[in-house]
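A.B. asks: I'd like to go over a predicted model; first the sequence, then the structure.
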Amino acid sequence: MTRNNSAHFTTQISFPRRDNPALASEKPYVLDYFPGRGIRKTNIEFEVVRNIEVQDLRESSLSFEKNGVGVTQLMTAMEYPDFQDVEKVESCYLQEARDAISGCLGADDVYVIDYNIRRRDATFPSATGSSYDAAQPVVVAHGDYTPRDAYERIKILFGEEAEAKAKQRFQIVNLWKPLRGPVRDWPLAICDPLTIDPERDVLLVDAVFRDSIGEGFNLHHHPDQRWYYLSNQTSCETLIFNGYDSRFKTMYGVPHCAVEYTLSDRDTTPRESVEVRAIAFFKDD
């Protein structure tokens, strides 16, 4: 890893290996729980690719309309300690997130799917054998949804209204921001989806829970891919990026993952972040 004079930096990212013989006869899967002895949590093998350049989104021409990635302001009424309070998060912050998404995209209705608060442990990414007190950053290049899973999500969430909802134009989006800034520790990196080839780079993965199965994807590495992050992201700045857009039936959303920020000092405060995943509906499209 190298230090650069600009906000660009090089780092390493985990990708699924292309030459995994197990996947010749099995669909890739990841278990979201600890199975019994002798059962693997995943049949995916990963490789760490080094010297990947991550460019500053502030200096790029990427936009939400063209690339599915944007930056918007969110001036929350929440104080930092409030994010420990589930009731405050769900009654206050999630409404603020809905408003931010609606204002940014011009959506008529926004439905929150879920949210996640991550607090990097001081030992991360080293494996200690113990469970963490909070969710940790995800270091594998991935996307949360596939076209098939997007419509399955509509069915699960809306029941009898699902058919009518699925006929509307909709987008599944992620809204990501730090609880404290500026972020100089394991920032979120995103891959420009226009630099990936779905047939070449996308690996469909079953996300297996105890009571359900979803489908997302991991991203195979290719040198054509271009990665970005928002330098010194403040707690008022949110990254908004596309997970699925019903206008483009077969396209995949924005791949993303946490990356080690190799320009930071060793005593940098561990990253803490909140991510909201939501569906935005548009009546007139």
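C.D. replies: The structure has been received and is ready for your questions.
A.B. asks: give me the contacts around stretch 114-134.
C.D. replies: 83, 89, 93-94, 97, 135-137, 139, 179, 185-186, 260, 270-277 (Cβ atoms under 8 Å, 6 or more residues apart in numbering). Using the backbone N, CA and C atoms, a C-beta is placed for each residue, glycine as well.
A.B. asks: pick out the residue closest to the middle of the chain.
C.D. replies: Taking Cα atoms, centre = their mean, the centroid of the chain lies closest to His256, which sits 5.1 Å from it.
A.B. asks: show me what contacts that one?
C.D. replies: Ala141, His142, Gly143, Asn174, Leu188, Ala189, Ile190, Cys191, Phe241.
A.B. asks: tally of neighbours for the fifth one?
C.D. replies: Close neighbours of Leu188, defined as other Cβ atoms under 10 Å, add up to 25.
A.B. asks: do the same with the third one
C.D. replies: Using other Cβ under 10 Å, Gly143 has 27 neighbouring residues.
A.B. asks: which residues does it contact?
C.D. replies: Val202, Gly216, Phe217, Leu219, Gly243, Tyr252, Gly253, Val254, Pro255, His256.
A.B. asks: quick revisit: roughly how far does the residue nearest to the centre of the chain sit from Phe15?
C.D. replies: His256 is 13 Å from Phe15, where distance means Cβ to Cβ, to the nearest Å.
A.B. asks: in helices only, show me the contacts of stretch 114-134.
C.D. replies: Among those, the ones falling in helices (DSSP state H) are Leu94, Ala97.
A.B. asks: give me the buried subset of the contacts of stretch 114-134.
C.D. replies: Among the contacts of stretch 114-134, those classed as buried by 16 or more other Cβ atoms under 10 Å are 83, 89, 93-94, 97, 136-137, 139, 179, 185-186, 260, 271-277.
A.B. asks: how about the strands of the stretch 101-250 of the chain, start to end?
C.D. replies: 109-119, 142-143, 169-178, 188-191, 202-208, 213-219, 227-229, 237-245 (DSSP state E, counting those that start in this stretch).
A.B. asks: state the mean pLDDT of the third one.
C.D. replies: The pLDDT scores in strand 169-178 average 98.
A.B. asks: the fifth one too?
C.D. replies: When pLDDT is averaged along strand 202-208, the result is 97.
A.B. asks: let me know the angle separating that strand from strand 213-219.
C.D. replies: 150 degrees (axes from the mean of the first three to the mean of the last three Cα atoms, to 10 degrees).
A.B. asks: what do His256 and Phe15 both touch?
C.D. replies: Ala141.
A.B. asks: returning to what we had before: show me the two of the contacts of His256 that sit farthest apart.
C.D. replies: Greatest spacing in the contacts of His256, by Cβ to Cβ: Ala141 and Asn174 (14.6 Å).
A.B. asks: the two: which is more packed in?
C.D. replies: Between Ala141 and Asn174, counting by other Cβ under 10 Å, Ala141 is the more crowded of the two (29 against 25).
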